[in-house]
Every structure is written in structure tokens, then in C-alpha cells.
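Undergrad: Structural data only, the sequence is not supplied:
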């Protein structure tokens, strides 16, 4: 975590060097295209404070939401390789677009070649797992970026586990820019929030549970609740992803053993570090220092 | 231009090879972070149809508007070097953010080392030049991205030419996402358009001319006019940039001689080419094929 005297960047660099020379234990890598993954990281650190975390935001190339499969895969792959080179044995793609478009190819094609002992996990599977015990009507809605919706990853993951659930998704292309440009609390945001929730419930009025399938969306929670009828549950995924990580580490002691446990957290960004500190404030309750890196 | 049978990409590739092997004459390079530069290209081709153009959109890493100086400079430099390698002797940065943050450094530090005979021009100077004969009150407004406004490039360029003009700028951070996500014609867009125009005229009620300092903004023209009081002129820059290019080529016959003149136009993108074709439609009156490149 950021130290008051601002020495955090150097501390991060030192820590990374140490980690690289002792490949047996490293921080848990947490990757997002931008700042949204910080909401997931926050939940992980609340539940599992003993672990070391290394957050990487590809802020110079965000947002990934509207980008093609080719581009999301290439950028995500570069980030995963970078986190591996910095000592991470386990990387969480805390980004729904990256999880939807790049995770499977990285797991199946890249990992066996790079290092079969390392792991990359996403946020869609853990969110899909939780939904079975939440919905009563067996009608579930997904609000996410265009890339996540078009990939149909949520539909496939949920139906693999619960074939009886009907899943309907709606893309919310303007929600991330509203948040990243600090316009999420304005009357102008209301139009776009209401528009997408109305679309979703028009497509399937029996929906009783709505997954926020983008790590940014919890920031819009007040407005989302304002336009959602009573009785429809809104599900931000951070808590479920954190719980799923806890279960995963308990089930895989060999992976738990290579996750360093000093309670440290460091931040990397592809953007200017002052820009990162300024923008990360929307998502964090504290000010953090980051180190700028390139791929 | 795109051929009906879809052979354009191959034609572009062939043309580039030919151009590369005959460095004496090449297309005019037109660079933008995304799709907005297509509005500038359209005006150039209307006024100067005889020239060859090579458009490059860094769509995989757009938008540049909110990014730091370091990142905009690095990305723009890569694009300019790419266009040079493809035979361009003259490159227009048809992007206000790149012109504001990267042009000067590229002209002063990079060009002398790369090739002093080549030229890179921006869109801010030509727009600044035109304003002297348009404003009567000598109070001018700028609506642009956060990056362009923070750089103060318009203020500096206008005051270099017309020290008596008072320039006031307002950043419109959500306008580009509204356009690129095809939400520019919705009631939700009204709030954000009105908000920024009201801010600008509140800061200086004597403004009689407003420059649209982002190549995307002409797409929002109907709404911009709706919220601008009568008597305040709105100035999209495409026409002025095209006129300025015409004057530049007439004054620099040595540069005009190395600009190929077959009336061709090809498109490059860092994104998937199908994605480019789909998104470019908002800005073009025709469907175009692009070739995907990487730096």
C-alpha cells in the first residue's frame, strides 16, 4: 500500500526485483484494462489481506470494451507475460472484457508454452457460479460492455452450470466513459443508466437478478438501484470473485504455497503515474502510488 | 477508395510497396487517434482530390483525449514513423490532441534525426490562423478534449498571431464517447452538449466565435447549434485545415513535387479491419476498407 512519504514506487521496484529472483513465491497479479479492477482488488484485499498483490492497469490503452477480439487478446497476453516476468505465479484478469475475449485462448494456447505451472483466472466463471443460488425465477440479466456481451461468455458459463437459467445481456457502451470522466453522478448519467436497465427488463420482464458484468459499474450503483424495480437483485461481482479466489487457494495448496504473504500491494500502470494516482481516486478510498511500465 | 469487389486492402498493400521503393513521391499521410480525422480527410479530398492520401487511425489505442503527454507523444511518434516508412513525405496530424501534445516535440527533436526533408503539420495552427478574420468581439471560445485544453495550445497559437484576442477553453470529456458509441443523437447527449456550451459562455459571455477543437465534434453539430445563442459562430476546422494545406503546398513546390497525385486514398488501422469499416461509417458517406497494421 502507498506509504505516506511517497517511497512506494521505489519499494515496488525493489519488491519486484526480489520477487523475480525468488520465483518460488510471488504476488497475486491482478490485471485490468483500466481502473475498474481496483474494485475487485479492494474486495480481495478485504477478504484475503495476508497475500501480496501486484495490480497492473493498461491505462494507456483503455478502455478495452469496444475493441475487437484480436486487440483485446494481444493486449491481455502482453499484460499476463509482464506480470509473470515480475514474479506472479497466479494472475487474475479482473476485467470482464479480457476474461470474455482473451482468457480461454491464453489458458489453452499460451500457458502450456509459457509455463504450465502458472495460472490465469478470470472473473466471469466465479460470477456465473454464484448466480444459481440467487435467482428464483431462473431469469438472469447481464449488463456489461459491448465486447463482453457480444462474446456471449456469461451466457455460456451460466448455461454450462445451470442449463435451466435464461440469460439476457444488454451492452452499456457509455457507462465506462461516464465513470472514467467523472460524470457518473450527473443528471446526464441518468438517461443512459435508465435506458439500458429498461432495455434489459423489456427484453425479459421475468429477470429477478442482474449481474453487473463490468468492474466499473459498482461506481454507478446508486443510479442503477434508482432505476431497477424492487425485487430485482443487483449483483456487483467483487465479493463473489474474492470468495472464489479464497476457495481456489484452499483447494490448490500448491498454488497457495507460491503466493507471497506479506500483506503488500503494489501498482503498475502503462500511463503516467500522476495520471494514475488522480484517476484511481474514483475507485479507491485512499491515494496510491504506481510505477509506470511498458511492455 | 474502396472498390466494390473488396480488393481494396490488397490494392493498398501493393500501392504501399510501390511507394516504399520510390521514395521520391508518396501519399500525404493523415493521422488520427481514431475516426475523427476522417472529417478532416473528407475536406482535404474535396478541395484537393488530385493527391494520394494514406489515412492511419490508431483505433486500437484511441481515444487519446484523456491520456498524458508522455503517452500521446509516444503513440503519435510511432504513427509518424510508420507513415514515413510507408512512403509519406508529408504527414498531417488530423487530431487535435496529438497536435497539441506531440507535434512540437516531433518537429523539433525527432524530425531532424529521422529525416529533415520530411514534414509533419498539425491542425491547431491552421485553425488559429483563420480566427483573426472571424471574430469581431475578439473573444473566442474553444471546445476540445481535456488533453487539448490542458495543453493550452490553442491559447498560445492564437495569441502568437493575434495578441488582442481573449481565448477561453472548456474541455468536453464525454463528447467523443457519445459519438464513438453512436449515442450522439439521443436525448442523453443534450445534457452534456448544453453543459459545456453553457460553461464556456458563462466563463466569457462576450465570445462570438467558438472553435470545435476536436475532429469528432462536427458530428454533434446539430446539437451544438441548438444550444448556442444566435450570433455566436461555430467553427468546425476541416475546411480551414484543407485550405491551409492547399496554401502550404502552393508555397512549398519542393514538397508538392513529392506528393503523389493519382487521386488515391487508402486506410490503415491498428484495429480489426471489420471493426474499422463498421465504425468509420459514422464519419464517412461511404463504406471503406482498411488494412490492419501494427507498430
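TA: Ah, there it is. Here the structure is a predicted model, which is why all the values come from computation and not from measurement.
Undergrad: Now stretch A:86-104: average pLDDT?
TA: Model confidence over stretch A:86-104, given as mean pLDDT, is 97.
Undergrad: Output the set of residues of the stretch 151-295 of chain A in proximity to chain B.
TA: Within the stretch 151-295 of chain A, the residues that sit near chain B (Cβ under 8 Å from any Cβ of the partner chain) are A:173-174, A:177-178, A:180-183, A:186-188, A:191-192, A:195, A:270-272, A:274-275, A:292. (Each C-beta comes from the backbone N, C-alpha and C, glycine too.)
Undergrad: Where do the strands of chain A begin and end?
TA: Ranges of strands in chain A, per DSSP state E, are A:28-32, A:53-57, A:90-93, A:119-121, A:139-144, A:166-171, A:209-212, A:233-236, A:265-269, A:291-292.
Undergrad: The third one: how far from the chain's middle?
TA: By that I understand strand A:90-93. Between the centre of strand A:90-93 and the centre of its chain there are 10 Å (Cα atoms, centre = their mean, to the nearest Å).
Undergrad: Enumerate the positions of that strand that are buried.
TA: Judged by neighbour count using 16 or more other Cβ atoms under 10 Å in any protein chain shown, the buried positions of strand A:90-93 are A:90, A:91, A:92, A:93.
Undergrad: what residue is smack in the middle of chain A?
TA: residue A:94 (2.2 Å; Cα atoms, centre = their mean).
Undergrad: Give the phi and psi angles for it, as a check.
TA: Reported as degrees, to the nearest 10, the phi and psi values for residue A:94 are phi -90, psi 50.
Undergrad: So it versus residue A:135, what's the distance?
TA: Per Cβ to Cβ, to the nearest Å, residue A:94 is found 24 Å from residue A:135.
Undergrad: cool, residue A:287 as well?
TA: 39 Å.
Undergrad: who has more neighbours, the two?
TA: residue A:135 (23 against 12; other Cβ atoms under 10 Å in any protein chain shown).
Undergrad: so what's residue A:174 up against?
TA: A:192, B:174, B:177, B:178, B:181, B:183, B:188 (Cβ atoms under 8 Å, 6 or more residues apart in numbering or on different chains).
Undergrad: brain fart, residue A:131
TA: Taking Cβ under 8 Å, 6+ apart as the test, what residue A:131 contacts is A:140, A:158, A:162, A:165, A:209, A:211, A:235.
Undergrad: Which residue is the nearest non-sequential neighbour of the residue nearest to the centre of chain A?
TA: residue A:37 (3.4 Å; Cβ to Cβ, 6 or more residues apart in numbering or on different chains).
Undergrad: what about that neighbour, how many neighbours?
TA: Neighbours of residue A:37 under the rule other Cβ under 10 Å: 27.
Undergrad: Hmm, it is touching residue A:57, no?
TA: Yes. Contact criterion Cβ atoms under 8 Å: residue A:37 and residue A:57 qualify, at 6.8 Å.
Undergrad: OK, contacts around residue A:161?
TA: Residue A:161 neighbours (Cβ under 8 Å, 6+ apart): A:128, A:129, A:132.
Undergrad: returning to what we had before: tell me who's in contact with the residue nearest to residue A:94.
TA: A:30, A:31, A:55, A:57, A:94, A:95, A:215.
Undergrad: let's see it at 10 Å
TA: A:30-31, A:55-58, A:92-96, A:98, A:123, A:215-216, A:238, A:283 (Cβ atoms under 10 Å, 6 or more residues apart in numbering or on different chains).
Undergrad: do the same with residue A:158
TA: Counting by Cβ under 10 Å, 6+ apart, residue A:158 makes contact with A:124-125, A:127-129, A:131-132, A:135, A:140, A:142, A:165-167, A:211.
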